[in-house]
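Asks: Below: sequence and its predicted model.
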Amino acid sequence: MNSQRGYFWLCLAMGVAATGVVAAVRHRRLGRLLDGLADSPLAMTTNGASANVTRIIVFCLSAFMAAVGGALYVGVVGSVSSEM
């Protein structure tokens, strides 16, 4: 991105896409599995769904979204370091 305006639109598009992904997950099978996991993992396992696999899928999805957010943040700050 050569301009701040273009980078703003990129960040806005990524934010809208992330919101869409969360809404899509919420209304699909994974969302129902998450509701079941929140209510009763034992009942979910009894019905044949794996609680551990659901947790791993959600962890990977959230890690991907955090990585995209971190990459966009680097564009604003300019560098990444372990020091505050």
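Replies: Thanks, I have the structure now. All of these numbers come straight from a predicted model, not from anything done at the bench.
Asks: who does the helix or strand bottoming out on mean pLDDT in the chain touch, helix- and strand-wise?
Replies: Taking mean pLDDT, DSSP states H and E as the measure, the chain has helix 41-46 as its least confident helix or strand, at a mean of 87. Packed against helix 41-46 by the contact rule (3 or more C-beta pairs under 8 Å, 6 or more residues apart in numbering; DSSP states H and E) you find helix 29-39, helix 51-77. The way it works is simple: take the backbone N, C-alpha and C, and place the C-beta from them, glycine included.
Asks: just the ones you listed: most buried one?
Replies: helix 29-39 (a mean of 14; mean count of other C-beta atoms under 10 Å).
Asks: Just the CA trace of that helix, in CSV.
Replies: Output of helix 29-39 as CSV, limited to C-alpha atoms (Å, rounded to 0.1, in the frame of the first residue of the first chain):
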residue,chain,number,x,y,z
ARG,A,29,-22.2,-26.5,12.4
LEU,A,30,-19.1,-25.2,14.2
GLY,A,31,-21.3,-22.6,16.0
ARG,A,32,-23.7,-25.3,17.1
LEU,A,33,-20.7,-27.4,18.4
LEU,A,34,-19.5,-24.3,20.3
ASP,A,35,-22.9,-23.9,21.9
GLY,A,36,-22.9,-27.5,22.9
LEU,A,37,-19.3,-27.3,24.2
ALA,A,38,-20.3,-24.3,26.3
ASP,A,39,-23.4,-26.1,27.7
